[in-house]
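K.L.:
Build the 3D model from these lines:
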Amino acid sequence: MTDFGLRVTYDLVYHVTVTVPGNYNGRTCGLCGNFNDDKADEFQLLDGNLTKDFQTFGAAWKVPVPGAVCEDGCSGDQCPKCDDSKKAAIEEKCAVITNPKGPFAACHDVIDPASYFRDCVYDVCMAKNDQSIMCNSIAAYMLDCHDFGAKIENWRSASFCPFTCSASSHYETCLLPCTSPCPGLVETLTCTTTCVEGCACDKGYYYNGTGCVPSDQCGCYYNCQTYKVGESIITDDCHRIHTCQASGVVLSKNMTCDPNESCLVKNGCQEIIQSGNFSQISDWFRVVVKLETCTPGVNTIMAVYVFLNEVMITVNNKHDVWTQKVMAEKGYSRDSTSAWVWPPKGPMQNRGYSKAADLASLYTEGPLVK
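P.N.:
Just a heads-up that it's a prediction; the model follows:
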């Protein structure tokens with residue numbers, strides 16, 4: 001959705017919707033029509049004339065794209081034809097769209113199903129009776145009916161276009177996208193008011209962004225991240241701690257480090273760890289390397305963090321250099337950037353290695369030798 005109210009949705013198969021605010025009434029043109037509440041002049045060409053030919057209308061609004069070839073399609077006898085011996089069986093299945101007593105009957109007076117039926121038969125025939133093409137064709141009519149508020153009955157079954165839902169959920173023909181979300185999730189989503197078919201969470205379960213879970217497994221959503229109930233996140237150089245509560249609300253408090261603690265980045269988050277005993281040393285250092293193991297057995301360096309007394313230097317995998325949250329001047333080569341932080345100029349002490357799932361941190365600390 002744009003800042004001026006344009007919303008585009010696509011189901012990745014057949015169905016595209018374009019929605020604009022009411023103040024665009026009479027101010028649009030193109031494949032979606034002119035939005036002037038007159039259904040008789042939708043197929044308007046660039047010169048203002050009307051056409052009844054779909055091919056001419058579509059070709060008129062093509063936009064040239066460098067490196068792309070967009071053809072106008074076929075017409076008349078040039079189009080491939082469906083084998084009559086196969087057509088009858090396909091028509092019988094696609095007829096669920098036009099059946100006057102079928103699940104789509106309530107939509108027939110709103111949207112004429114004839115063109116959807118023809119498209120279904122032709123597409124399935126050209127796809128050599130591919131059942132997924134048939135199901136997608138029927139679903140396209142259902143989506144348009146939903147847009148106009150028509151109530152569609154359940155047309156799927158275990159043997160006809162089955163719809164599989166994950167654990168703790170069930171299929172519904174008309175479902176609002178933001179039904180039963182986990183607390184806090186709705187603030188991170190943009191929800192539409194038009195229903196779509198899909199899987200709804202069973203009673204007592206809530207949608208957490210990937211599936212349906214009990215309420216105590218919902219967690220919290222903070223800065224585009226998901227956190228478990230009871231999990232804490234430390235930010236602002238370890239001056240703030242944010243804790244996920246069972247209600248889905250993140251409770252934020254001020255905090256400070258004890259004299260024997262240090263604030264560093266570990267596993268991508270700031271964390272407090274016990275410092276080594278450097279009370280008799282005026283200068284010390286700590287190097288933390290953030291590793292990511294996307295491929296088993298292969299560690300990739302994502303960032304290097306260097307702590308020098310009150311100063312922290314960060315070099316990321318794009319070779320950007322940050323000092324105390326302020327980006328330093330760019331222009332370093334790969335070698336010169338690495339030279340900032342490695343190898344350290346002091347004897348390495350207290351080597352440690354910790355690994356969690358697919359992320360690890362390697363750190364070393366000791367007195368700084370000048």
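K.L.:
pretty sure D11 is in contact with H146, am I right?
P.N.:
No. Taking CB atoms under 8 Å as the definition, D11 is not a contact partner of H146, at 11.7 Å. C-betas here are computed from N, CA, C, even on glycine.
K.L.:
Domain parsing of the chain, as residue ranges.
P.N.:
7-55, 84-147, 169-217, 276-367 (automatic domain parsing).
K.L.:
In TSV, list these along with distance to S75, mean pLDDT and mean neighbour count.
P.N.:
TSV is the format used below for the domains of the chain (distance: least, CB to CB, whole Å; pLDDT from 0 to 100; neighbours: other CB atoms under 10 Å):
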stretch	distance to S75	mean pLDDT	mean neighbour count
domain 7-55	5	87	12
domain 84-147	14	94	17
domain 169-217	34	83	16
domain 276-367	50	55	14
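K.L.:
Format these as CSV; extra columns: distance to S159.
P.N.:
Shown next, in CSV, are the domains of the chain (distance: least, CB to CB, whole Å):
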stretch, distance to S159
domain 7-55, 21
domain 84-147, 10
domain 169-217, 15
domain 276-367, 41
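K.L.:
Quick check: which of the ones you listed is nearest to H242?
P.N.:
Ranking those by proximity to H242 (CB to CB) places domain 169-217 first, at 12.5 Å.
K.L.:
next one: the closest one to chain centre, how far?
P.N.:
15 Å (CA atoms, centre = their mean, to the nearest Å).
K.L.:
thinking G211 is in contact with C165, fair?
P.N.:
No. Using CB under 8 Å, G211 is not in contact with C165; the gap is 9.8 Å.
K.L.:
which ones are touching the nearest residue to Q131 once chain neighbours are set aside?
P.N.:
Leaving out its chain neighbours, the residue that sits closest to Q131 by CB to CB, 6 or more residues apart in numbering is C161, at 7.4 Å. The contact partners of C161, taken as CB atoms under 8 Å, 6 or more residues apart in numbering, are Q131, M134, C135, I138, A139, W155.
K.L.:
between these, which is closest to K101?
P.N.:
W155 (12.5 Å).
K.L.:
Give me the neighbour count for that closest one.
P.N.:
20 (other CB atoms under 10 Å).
K.L.:
Compute the distance between the residue lying closest to it once chain neighbours are set aside and V213, please.
P.N.:
Nearest residue to W155 in three dimensions, chain neighbours excluded: P103, at 4.0 Å (CB to CB, 6+ apart). For P103, the distance to V213 (CB to CB, to the nearest Å) stands at 31 Å.
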